[in-house]
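**Q** Curious how this folds, go ahead:
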Amino acid sequence: MTQEKLITEEETDILQEIMNIAFGKAAADLAEIINIFVQLSVPMIALVKAVDLPDYLKHEMKSGQRISIIEQNFWGEFKGSAFLVFQSGAGKELISLLGSDLDSSFEAESVEVLERETLMEVGNILIGACVGKVAELLQDVVTYSPPRVIVENNPNDAIPQSLFDPSYTAIVLKTLFCFNERDVNGLLFLVTSQESIGWLKQALSAFMEQYE
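**A** Numbering: from 1, shown residues only. This next block holds a predicted model:
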């Protein structure tokens, strides 16, 4: 099966609508916890060869900017990896959003630990709500690995090429989000494994049959 025919235009439209619902659920869950509105862009879907994924993700980030990535894998019929990408300084902003105050009494090491814990907490909420909603809509159940925070000064080094199977083609689902009244924004990617594509096509067809 060629990369272009892995998923049809109609399937892409259905998947985009499902992702719109799922990303909205993720934003609502996070907004409920931090009591602030999260604005989302329309989800974008792209087919990318796995070997090109690191370059694709780097292209979506601002060059030369310090970034933090929360990575979390998920397993079920719907299987893949989620990447939540924040710009520099987001951790401190998120700490204040979650109701904690940083002052001069905090050691630098303590601040770094708190930032990582906050990023993981926010990542857990966003990724869990989003992936969970996709799975629910497509009649699947997923489990998750613990989230992992990667902090890098340079996006070029943040995602190793060896992370992905070079023989695979992935479906990348992406949305841009920002928090109103705060200078915090980022990107949420879901990268589904090639193993999921056959199941995904069947699940999308079953999803549409509900409305026919």
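**Q** Flag the shaky bits of the chain, pLDDT-wise.
**A** Counting by pLDDT under 70, the chain has low-confidence residues at 1-5, 36, 61-65, 88-89, 91-92, 95-111, 152-164, 180-183, 212.
**Q** where along it do the strands fall?
**A** Ranges of strands within the chain are 38-40, 44-49, 67-75, 80-87, 143-144, 148-152, 169-179, 185-192, based on DSSP state E.
**Q** can I get these in a markdown table with mean neighbour count and distance to K201?
**A** The C-beta positions use only the backbone N, C-alpha and C, and glycine is treated the same way. As requested, those are arranged in a markdown table below (neighbours: other CB atoms under 10 Å; distance: least, CB to CB, whole Å):
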| stretch | mean neighbour count | distance to K201 |
| --- | --- | --- |
| strand 38-40 | 16 | 26 |
| strand 44-49 | 15 | 13 |
| strand 67-75 | 21 | 19 |
| strand 80-87 | 23 | 15 |
| strand 143-144 | 12 | 22 |
| strand 148-152 | 16 | 30 |
| strand 169-179 | 21 | 11 |
| strand 185-192 | 22 | 11 |
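**Q** In TSV: these, plus distance to L200.
**A** TSV is the format used below for those (distance: least, CB to CB, whole Å):
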stretch	distance to L200
strand 38-40	22
strand 44-49	12
strand 67-75	13
strand 80-87	10
strand 143-144	18
strand 148-152	25
strand 169-179	7
strand 185-192	7
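**Q** tell me what the lengthiest helix in the chain is packed against?
**A** Criterion DSSP state H: the longest helix present in the chain is helix 108-137. Applying 3 or more CB pairs under 8 Å, 6 or more residues apart in numbering; DSSP states H and E, one finds that helix 108-137 contacts helix 9-34, strand 67-75, strand 80-87, helix 90-97, strand 143-144, strand 148-152, strand 185-192.
**Q** and with 7 Å instead?
**A** Under the contact criterion of 3 or more CB pairs under 7 Å, 6 or more residues apart in numbering; DSSP states H and E, the helices and strands touching helix 108-137 comprise helix 9-34, strand 67-75, strand 80-87, helix 90-97, strand 148-152, strand 185-192.
**Q** Would you mind listing the buried residues in it?
**A** Across helix 108-137, burial judged by 16 or more other CB atoms under 10 Å covers 114-116, 118-135, 137.
**Q** Can I get stretch 68-81 in CSV? Just the C-alpha atoms.
**A** Once non-C-alpha atoms are left out, stretch 68-81 reads as follows in CSV (Å, rounded to 0.1, in the frame of the first residue of the first chain):
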residue,chain,number,x,y,z
SER,A,68,10.3,21.1,26.5
ILE,A,69,8.6,18.0,25.2
ILE,A,70,6.3,15.7,27.1
GLU,A,71,6.4,12.3,25.4
GLN,A,72,3.8,9.5,26.2
ASN,A,73,3.2,6.3,24.4
PHE,A,74,-0.2,4.6,24.2
TRP,A,75,-1.3,1.1,23.4
GLY,A,76,-4.5,-0.5,22.2
GLU,A,77,-5.9,-1.0,18.7
PHE,A,78,-5.1,2.7,18.5
LYS,A,79,-1.4,2.7,19.2
GLY,A,80,1.3,5.3,18.9
SER,A,81,3.1,8.2,20.6
